[in-house]
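A.B. asks: Dropping the sequence and predicted coords here.
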Number of protein chains: 2
Amino acid sequence: MTQSLALARWMLALCCLPLLAQAAPVPDAILQQAKQLRDQALVDDTAYTLLRDLTTQVGPRLAGTEAEARARQWSVRALQQLGFDRDQIRIERFELDGWVRGEEWARVTAPYPQPLVVTALGDSGSTGPIPVEAEVVLFESIEDVEALTEGALTGKIAYVSHAMGKTQDGSSYAYFGKTRFDGPGIAASKGAKAIMIRSVGTQSHRMAHTGSTKWPEGQTPIPALALSQPDADQLERMAADGETIQVAIKATPRFVGKTRSANLIVDLPGSDRGDEIIITGGHLDSWDLGTGAVDDGAGIAITTAAVDLIRRSGLQPRRSIRLVHWGAEEVGLLGAKAYAEAHADELDRHQLGSESDFGAGRVYNIGADLPAAADPVVDAMLRLLAPLGVGQTARDYTGSSGPDLSPLNDLGLPSFRLLQDGTDYFDLHHTPDDTFDKIDPEALRQNVAAYAVFLWIAANTDVNFRAQDPAE
Amino acid sequence: MTQSLALARWMLALCCLPLLAQAAPVPDAILQQAKQLRDQALVDDTAYTLLRDLTTQVGPRLAGTEAEARARQWSVRALQQLGFDRDQIRIERFELDGWVRGEEWARVTAPYPQPLVVTALGDSGSTGPIPVEAEVVLFESIEDVEALTEGALTGKIAYVSHAMGKTQDGSSYAYFGKTRFDGPGIAASKGAKAIMIRSVGTQSHRMAHTGSTKWPEGQTPIPALALSQPDADQLERMAADGETIQVAIKATPRFVGKTRSANLIVDLPGSDRGDEIIITGGHLDSWDLGTGAVDDGAGIAITTAAVDLIRRSGLQPRRSIRLVHWGAEEVGLLGAKAYAEAHADELDRHQLGSESDFGAGRVYNIGADLPAAADPVVDAMLRLLAPLGVGQTARDYTGSSGPDLSPLNDLGLPSFRLLQDGTDYFDLHHTPDDTFDKIDPEALRQNVAAYAVFLWIAANTDVNFRAQDPAE
């Protein structure tokens, strides 16, 4: 740049600055407040304490069980202790079909007798009291099972492998996750007596990853187990020896009929734009194997701490800020669906949202698909978050705002999310190892800071995030 | 160094070289052969294949069980396939008191109900069919339990913590290991109904570490469980909340009476010094939770591959090289004791030995406490091993030559060992996670190379390793 050009630009900037400041979609005072909230979050351990208490004092909290109900009681108590009025906290109940784990084991009986580390997938069928014993047929991928003719697996146990690797954004889960989501239904449709899958996870410890599976309409659930990675390796090595593998399985999970779950909701009411909602939260239920630290105690703790930080500041947002502790996420986004249904008449008042449900890794990016008018708002967030390691946004992000907000995305809530580094997320996801000791307190604070900045800026702008850009 | 001094030294070295070579305790030809063996080992995957097969085709092999017997059959078959004569392979049987694991679980019943990940220690007592439920009393260390008056724990469950950290040489195990070795006996002597200890291990996964415990003479075994590290943390957090903790335990291991184990022995007979023995090997039994890859499949594989490399070379050692697959190490060095007893009349013919029983980490040091005359022999080994990362020896090493050689050390076998980097050893030790996928093939080859060099040089020198230095 030449010196004269630089001078001209500087003069231009100088004379236009007051005008720009007035027209700014995020006023300076709001930026200053957001910065203060951010800096407070970075030295505040509210989230860490909340997460410690939830994972310790409640522990595992499977959807629809009394443990999940205890978790809700814990939430109410924790919010009150922070200073929220009990009257502000709403509990919105809904029903679900309960399922609970029973006894579960598997054992190679031939050619090399030895136990396997397994766990039943959510909604797995039961073997009943008599173990199932059968030959195992191995498949590299679920596509190989899908290609079989009907009845091809009659009397057999199917084993399905996959090769999910680590990805920072968790995108590998979408592809390889179908081994678990769809695999059992597909194997059952081919006549299999039971199915074992390589755990959908990225660690090499002797722990199996549970998680939900989907049965096709009318399909009777068969026993569906995940093997730990080392056990999957073991089975594949046996097969490589050219031997026919025989496995005995016992799994006695039960469908327990109608049970209840609920969403917990608390608002920081807005002022002049108080009918517009900026929504955040996490899901309170967890799988039953671990204590749900990264999935999703972290999300509960991060978003609750961020909203509480704003509450404690005494500042009133212009838009209302809504915190939700969703119920029954793991078993099919049931809380999310119940929320969308119960709030059908105010869905278009949801301006923007981000759920924290991808562990406790640092926020490294903002994913957004917003109207052009919102660019300066996202830029303002980034200016405050870049010093925390949050880089340029993915402006073409078309993902959801989080699993529990995805029904709202389907109904017009724009795509927006604080994206977390999930490189190690699937090491712990849905295993017994999802426990509090895995949490990095500094990364947790960084998340709270990012959420505080997002919430405060989004709640204090006139920009309509739901506006449609004119068609290009 | 001045130039003239350097020149003088060079001339001295030049004129004395032939003389020194003749007088060398390790002839050049032997060094050359050792170097060739080393270099072959570095490109040979015999050990890796052996370890793959043992851990896959046998899997867990608890002392005294049919699984350990299958492991012995596997050893015989594997040795024959390598090319050893069946007639050379001796099986020396001995009796032991068998113990097998049963059902086992623990659950916090108050204040925060939730399951705990536990496993019974070897020789744990049983709760019987009715779970034991009692208040837990927490202790920071076993010394705190020892300080109690008799009967102080009557009706209570003791929980004992410790703070074992990672050490490269595994020395922390000697100190903190007593939590497991002695803790249960001490707690029982104070009247405890049961004991739970923080696992003696160094990882933070949801896996408990089993291992042997010692009951004082006349003490009836009580249920003795290890908690995974995250579960130990959890219990300590509950205690930090100031709450009284109640736990229910069920553990039904059984003492199964007299069973059998055995040592397997194969020699490469020596020539002119064939009545002298250089001994090596590992132990074939493992705990029942994992497949015994690092403990001690690795030792079996490394030493078997090293001895086989020498056998395959067609070279005959001057001293005999003995390979032992010991039985029943984990349950009290029973194979080691049986060996010492069965070979009482030839113990003084054991010149030197090193057992590989500290995982599959790289050899980084030689520990030796040998007569001064042996220094050039150790130097010769080091010269060939330094390029593999084996540094200066610990000449004051007074440890054993390996657990299964410790009875021989007590009876005059000099202290000598190829020391392995065990920084991560206690991450896997005695857990379900001790599986083949944890093995680094390159480190395994480095171990084989180190053993081949050690064996070949030790077996081809006139130096008497058992000689006593004159008192200083």
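C.D. replies: In hand now; what should we look at?
A.B. asks: ok, the biggest strand by length in chain A: who's next to it in the sheet?
C.D. replies: Ranked by residue count under DSSP state E, the longest strand found in chain A is strand A:254-268. Using DSSP bridges, strand A:254-268 pairs in its sheet with strand A:90-100 (antiparallel), strand A:319-326 (antiparallel).
A.B. asks: Partner strands of the helix or strand following that strand and their direction?
C.D. replies: Later in the chain than strand A:254-268, the nearest helix or strand by DSSP states H and E is strand A:273-283. As defined by DSSP bridges, the strand partners of strand A:273-283 come to strand A:319-326 (parallel), strand A:350-355 (parallel).
A.B. asks: Mind checking the ones you listed for the one nearest to A:Arg52?
C.D. replies: With respect to A:Arg52, and counting by C-beta to C-beta, the nearest of the strands paired with strand A:273-283 is strand A:319-326 at 16.8 Å. For glycine as for every other residue, the C-beta is placed from the backbone atoms N, C-alpha and C.
A.B. asks: mean confidence for that closest one?
C.D. replies: On average, the pLDDT along strand A:319-326 is 98.
A.B. asks: which residues touch it?
C.D. replies: A:72, A:75, A:263-270, A:273-285, A:300, A:303-304, A:307, A:310, A:335-336, A:339, A:351, A:355, A:404, A:455, A:458-460 (C-beta atoms under 8 Å, 6 or more residues apart in numbering or on different chains).
A.B. asks: Could you tell me which residues within it count as buried?
C.D. replies: The neighbour-count check on strand A:319-326 (16 or more other C-beta atoms under 10 Å in any protein chain shown) flags A:319-326 as buried.
A.B. asks: just how off-centre is it within its chain?
C.D. replies: 16 Å (C-alpha atoms, centre = their mean, to the nearest Å).
A.B. asks: so who does the residue nearest the centre of chain A touch?
C.D. replies: By C-alpha atoms, centre = their mean, chain A has its centre lying nearest to A:Asp357, at 3.0 Å. Going by C-beta under 8 Å, 6+ apart, A:Asp357 touches A:282-283, A:295-296, A:299, A:329, A:402-404.
A.B. asks: Enumerate the residues of the stretch 351-472 of chain A near chain B.
C.D. replies: Neighbours of chain B within the stretch 351-472 of chain A, by C-beta under 8 Å from any C-beta of the partner chain: A:431-433, A:435-438.
A.B. asks: Generate JSON lines for the residues you listed, with pLDDT and distance to A:Arg395 as supplementary columns.
C.D. replies: Shown next, in JSON lines, are those (pLDDT from 0 to 100; distance: C-beta to C-beta, whole Å):
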{"residue": "A:Thr431", "pLDDT": "98", "distance to A:Arg395": "35"}
{"residue": "A:Pro432", "pLDDT": "98", "distance to A:Arg395": "39"}
{"residue": "A:Asp433", "pLDDT": "98", "distance to A:Arg395": "36"}
{"residue": "A:Thr435", "pLDDT": "98", "distance to A:Arg395": "37"}
{"residue": "A:Phe436", "pLDDT": "98", "distance to A:Arg395": "36"}
{"residue": "A:Asp437", "pLDDT": "98", "distance to A:Arg395": "37"}
{"residue": "A:Lys438", "pLDDT": "98", "distance to A:Arg395": "32"}
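A.B. asks: of all these, which comes closest to A:Leu82?
C.D. replies: For those, the nearest to A:Leu82 is A:Phe436 (19.2 Å; C-beta to C-beta).
A.B. asks: what sits against the closest one?
C.D. replies: A:51-52, A:55-56, A:291, A:293, A:297, B:230, B:233-234, B:237 are the contacts of A:Phe436 under C-beta under 8 Å, 6+ apart.
A.B. asks: switch the cut-off to 6 Å
C.D. replies: A:52, A:55, A:293 (C-beta atoms under 6 Å, 6 or more residues apart in numbering or on different chains).
A.B. asks: By proximity to chain B, which residue of the stretch 101-250 of chain A wins?
C.D. replies: Chain B sits closest to A:Gln114 of the stretch 101-250 of chain A, with a gap of 3.4 Å, by C-beta to the nearest C-beta.
A.B. asks: Give me the neighbour count for that residue.
C.D. replies: 21 (other C-beta atoms under 10 Å in any protein chain shown).
A.B. asks: Run through the residues that contact it.
C.D. replies: A:Gln114 neighbours (C-beta under 6 Å, 6+ apart): A:108, B:59.
A.B. asks: at 8 Å what do you get?
C.D. replies: A:107-108, A:234, B:58-60, B:67, B:291.
A.B. asks: Quick check: end-to-end length of stretch A:56-65?
C.D. replies: 17 Å (C-alpha to C-alpha, to the nearest Å).
A.B. asks: tell me the average confidence for it?
C.D. replies: pLDDT averaged over stretch A:56-65 gives 98.
A.B. asks: What lies in contact with that stretch?
C.D. replies: Under C-beta under 8 Å, 6+ apart, the answer for stretch A:56-65 is A:67-68, A:70-71, A:74, A:96-100, A:256, A:259-261, A:284-292, A:327-331, A:334, A:436, B:111-115, B:234, B:237-238, B:241.
A.B. asks: Narrow these to those in helices?
C.D. replies: When the contacts of stretch A:56-65 are checked against helices (DSSP state H), the matches are A:67-68, A:70-71, A:74, A:334, B:234, B:237-238.
A.B. asks: Tabulate those (a markdown table), appending distance to B:Glu133.
C.D. replies: Compiled in a markdown table, the ones in helices among the contacts of stretch A:56-65 are given as follows (distance: C-beta to C-beta, whole Å):
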| residue | distance to B:Glu133 |
| --- | --- |
| A:Ala67 | 19 |
| A:Glu68 | 25 |
| A:Arg70 | 20 |
| A:Ala71 | 24 |
| A:Trp74 | 24 |
| A:Leu334 | 35 |
| B:Gln234 | 18 |
| B:Arg237 | 21 |
| B:Met238 | 16 |
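A.B. asks: By neighbours, which of the residues you listed wins?
C.D. replies: So for the ones in helices among the contacts of stretch A:56-65 (other C-beta under 10 Å), the most neighbours sit at A:Ala71, 26 neighbours.
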